[in-house]
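Peer 1: Got a predicted structure plus its sequence, pasted below:
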Amino acid sequence: MSSSGDVTRGSQQILKGYQELLVEAKRDVKVYSIEEALDRYLKDDATFVDVRDAPELWKDGQIPGSVHASRGMLEFHIDPTSPYYMDEFGKETEYIFVCAVGGRSALAAHRAKEMGLSPVATLEGGYKGWKDYGAPVDEAQPMM
């Protein structure tokens with residue numbers, strides 16, 4: 001690794017690694033602790049957006065009432081000009097992004113903010129932290 005943080009693998013030079021991107025994302029969006037997010041949830045004061053892939057939800061469950069918008073399709077779901085737009089992203093609410101442990105959701109919240117969605121936040125510890133804390137969950141559903 002060079003002093004600027006560049007990483008070279010074969011002929012590819014990566015200018016920013018995932019760790020640097022995570023630091024930037026968490027610096028730019030609100031990061032809620034499980035307790036803070038649970039308070040928002042119990043007050044029905046935010047929309048929780050689960051960015052995990054569908055098989056993760058089927059295997060592990062999810063936060064009741066959360067919106068599923070996988071990380072791979074997120075930009076398409078947020079953009080109202082997209083054929084994949086989700087009406088849930090047109091509400092006046094705070095969006096709290098959730099993934100398994102907090103990395104993808106931080107990147108997702110950061111991207112959503114770049115696109116103009118506001119306000120946005122991420123859940124520190126992700127769904128695993130939420131579930132381990134004993135917060136409400138919809139149990140896993142078998143795959144059809």
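Peer 2: Cool, got the structure.

Peer 1: The spatially closest residue to Ala135 that is not a sequence neighbour - how many residues pack around it?
Peer 2: Excluding the flanking residues, the one nearest Ala135 by C-beta to C-beta, 6 or more residues apart in numbering is Leu38, at 5.0 Å. The way it works is simple: take the backbone N, C-alpha and C, and place the C-beta from them, glycine included. Leu38 sits with 18 neighbouring residues when counted by other C-beta atoms under 10 Å.

Peer 1: pLDDT wise, what is Leu38 at?
Peer 2: Listed pLDDT for Leu38 reads 98.

Peer 1: Which strand or helix spans it?
Peer 2: Assigned by DSSP states H and E, Leu38 belongs to helix 34-42.

Peer 1: send the alpha carbons of that helix over as CSV?
Peer 2: Provided in CSV are the C-alpha atoms of helix 34-42 (Å, rounded to 0.1, in the frame of the first residue of the first chain):
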residue,chain,number,x,y,z
ILE,A,34,-29.3,0.1,18.8
GLU,A,35,-31.0,1.9,21.7
GLU,A,36,-31.4,5.1,19.8
ALA,A,37,-32.8,3.3,16.7
LEU,A,38,-35.2,1.2,18.9
ASP,A,39,-36.5,4.5,20.4
ARG,A,40,-37.2,5.8,16.9
TYR,A,41,-38.8,2.4,16.0
LEU,A,42,-41.1,2.3,19.1
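
Peer 1: Check which residues of that helix are buried.
Peer 2: By neighbour count on 16 or more other C-beta atoms under 10 Å, the buried set for helix 34-42 is 34, 37-38, 40-41.

Peer 1: Which strands or helices does that helix pack on?
Peer 2: Counting contacts by 3 or more C-beta pairs under 8 Å, 6 or more residues apart in numbering; DSSP states H and E, helix 34-42 is packed against strand 120-123, helix 126-133.

Peer 1: Done for today, thanks.
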